[in-house]
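Asker: Generate a structure from the sequence data that follows.
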Amino acid sequence: MPAPAKFVIVIPDGAADEPFEALGGRTALQAADIPAMDRVAAEGLVGRSRNVPDRFLPASDVATLSLFGYDPEEYYTGRAPLEAAAMGVALGPDDWAVRCNLMTIADGRLADFTAGHITSEEGGPIMATLQQKLGRPDVEFHAGVSYRNLMIYRGRPGEPKFTRETVTVPPHDHPDRPAADYLPKGPGSDLLIELMRQAEPILASHPVNLARIAAGKKPASATWLWGQGEAPHMPLFRDLHGLRGAIISAVDLVRGVGVLAGWDRIDVATATGYLDTDYAAKGRAGIAALADHDVVCVHVEAPDEASHEGRADAKVEAVERIDRDIVAPILAHLKASGSPWRILISPDHSTLLRTRAHDRAPVAWTIAGAGVPASGLRYDEHDAREGGGPFFDQGWRLMEKFLDLDWRG
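Answerer: Model (predicted):
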């Protein structure tokens, strides 16, 4: 019997961009030295996909569903429920999950949606205090990773607190803007706003924040509640494609999509979800996971974080580290494996250095491996747009093509 095929997906989160002045009018992909990604492009195809349908905000929740082959129009219920799945927080039929950012609001402005990239060791005690002081039978606070935490609302049958008309706003899309302009609106917004206000004096006197201020660091001076949703129901990936998958990510949102798809979650202890993540360890974990998985996805948040900070040099460096420490060794392993293989490299969405926010523009992807013709192109937005490769207006359809070994383009 022939050896089973192996499929690898590498997600450089938010790496897609537009030309930026500080990079000499180039995108981060064009400015970066990425020989391994360029080799994938030259030996395979380069194309584009639209991972965020027009009615959704451009964000990793919708875009990751698309990348994993799930139509957001059918399966998306909100960001926070995906994170709840990764954290093992079960949602009943009347429950809602809400993302709870620990963040810095200064002079009434959304100064830092990460609270200076507060650590999980600092955020955990803060969330425990919020649970102690604000928790109640219908409201729970759960610690996640760094600034990314959850509030769970336990609803009662026939008495919905939130609806699809409840509107909340991601703070990372409006850096330094007045917080009052982006407060929740619609059904249940009164509860969210009240909890945010009640949290302020608790945070102001919390020992973790007092220590951060004394050390010259930004405090977690506020909570920001957003990204609410009900429990999603998705078919398992193995039932759709007959393949066993694994997800390697430091971000609960991406882990959650993988968990709901039935993939095994593989954690890397030194992965941080930030620019200082252990790229090489994630690459090694991806190679190891191929031994007993058919599909392995390695996600890296660093380019997205650099974009939100407006740091062009850091974004280029993050892309280069992904190329050197993840794509290059995985590609070498695949080529030496003796099995049929394919590799897909694709951001989930664009994150623009110019605006420091997500964007819904189509992203460039590249695929190489069994049955894929060579294009001779580079991996960047220009070659993806002008090189004649496929364009998927419904980004979720890219997955079925990626897995189709008879596909010729």
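
Asker: Check the residue nearest to the spatial centre of the chain and give its pLDDT.
Answerer: With distances taken as C-alpha atoms, centre = their mean, residue 60 lies nearest the centre of the chain, 4.3 Å away. What the model reports for residue 60 is a pLDDT of 93.

Asker: sec struct for residue 36, please.
Answerer: helix (DSSP: H, G, I helix; E, B strand; the rest coil).

Asker: could you pull out the strands for the stretch 201-350 of the chain?
Answerer: Assigned by DSSP state E, counting those that start in this stretch, the stretch 201-350 of the chain shows strands spanning 222-229, 245-248, 264-266, 295-300, 341-345, 350-352.

Asker: and the residue nearest to residue 257 when sequence neighbours are not counted, how many neighbours?
Answerer: Nearest in space to residue 257, with sequence neighbours left out and distances taken as C-beta to C-beta, 6 or more residues apart in numbering, is residue 64 at 4.8 Å. Yep, even glycine has a C-beta here, placed from its N, CA and C like the rest. Residue 64: 28 surrounding residues under other C-beta atoms under 10 Å.

Asker: Is it correct that residue 64 is in contact with residue 252?
Answerer: No. With contacts counted by C-beta atoms under 8 Å, residue 64 stays clear of residue 252, the gap being 11.6 Å.

Asker: Overlap in contacts, the two.
Answerer: residue 82 (C-beta atoms under 8 Å, 6 or more residues apart in numbering).

Asker: So for residue 335, which of the strands of the stretch 201-350 of the chain sits nearest?
Answerer: strand 341-345 (7.8 Å; C-beta to C-beta).

Asker: to the chain's geometric centre, what's the distance from the closest one?
Answerer: 19 Å (C-alpha atoms, centre = their mean, to the nearest Å).

Asker: Also stretch 50-57?
Answerer: 15 Å.

Asker: End to end on that stretch, go ahead and measure it.
Answerer: Across stretch 50-57, the terminal residues are separated by 13 Å (C-alpha to C-alpha, to the nearest Å).

Asker: The residue nearest to residue 257 is in what secondary structure piece?
Answerer: Assigned by DSSP states H and E, residue 64 falls within helix 60-67.

Asker: just checking, next helix/strand downstream of that helix?
Answerer: helix 72-75.

Asker: Return that following helix as PDB; C-alpha atoms alone will do.
Answerer: Extracted in PDB, the C-alpha atoms of helix 72-75 (Å, rounded to 0.1, in the frame of the first residue of the first chain):
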ATOM      1  CA  PRO A  72     -18.600  31.100   8.100                       C
ATOM      2  CA  GLU A  73     -22.100  31.800   6.800                       C
ATOM      3  CA  GLU A  74     -23.200  28.400   8.100                       C
ATOM      4  CA  TYR A  75     -21.000  27.800  11.200                       C
END
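
Asker: which residues sit against that helix?
Answerer: 52, 53, 56, 62, 65, 66, 232, 233, 234, 396.

Asker: Thought residue 30 was touching residue 382, still the case?
Answerer: Yes. Judged on C-beta under 8 Å, residue 382 makes contact with residue 30 at a distance of 7.0 Å.

Asker: which of these two has more neighbours?
Answerer: residue 30 (20 against 16).

Asker: my guess is that one meets residue 380, correct?
Answerer: Yes. With contact defined as C-beta under 8 Å, residue 30 counts as touching residue 380 (4.7 Å).

Asker: nearest residue to residue 280 other than its sequence neighbours?
Answerer: Nearest to residue 280 is residue 325, by C-beta to C-beta, 6+ apart, at 4.3 Å.

Asker: Look up how far residue 15 lies from the one you found.
Answerer: Relative to residue 15, residue 325 is positioned 15 Å away (C-beta to C-beta, to the nearest Å).

Asker: Looking at those two, which is more packed in?
Answerer: residue 15 (34 against 20).

Asker: How about the contacts made by that one?
Answerer: By C-beta under 8 Å, 6+ apart, the neighbours of residue 15 are 28, 29, 303, 304, 315, 318, 319, 322, 347, 351.

Asker: isn't the second one right next to residue 382, touching?
Answerer: What that stands for is residue 29. No. Applying C-beta under 8 Å, one finds residue 29 not in contact with residue 382, separated by 9.0 Å.

Asker: which residues touch the residue nearest to residue 257?
Answerer: Counted by C-beta under 8 Å, 6+ apart, residue 64 has contacts 11, 82, 253, 254, 257, 348.

Asker: one more time with 6 Å, if that's ok
Answerer: Neighbouring residues of residue 64 by C-beta atoms under 6 Å, 6 or more residues apart in numbering: 254, 257, 348.

Asker: The first one - how many residues pack around it?
Answerer: Burial of residue 254, expressed as a neighbour count using other C-beta under 10 Å, amounts to 29.

Asker: Now it. Nearest residue, chain neighbours left out?
Answerer: Residue 254 sits nearest to residue 299 (C-beta to C-beta, 6+ apart), 4.7 Å away.

Asker: Okay, and the beta partners of that neighbour?
Answerer: residue 11 (DSSP bridges).

Asker: Now do the same contact list for it.
Answerer: Residue 299 neighbours (C-beta under 6 Å, 6+ apart): 11, 249, 254.

Asker: quick one: it from residue 331, how far?
Answerer: 17 Å.

Asker: Kindly report the same for residue 95.
Answerer: 43 Å.

Asker: returning to what we had before: ok, and for the helix holding residue 64, which residues are buried?
Answerer: 60, 61, 62, 63, 64, 65, 66, 67 (16 or more other C-beta atoms under 10 Å).
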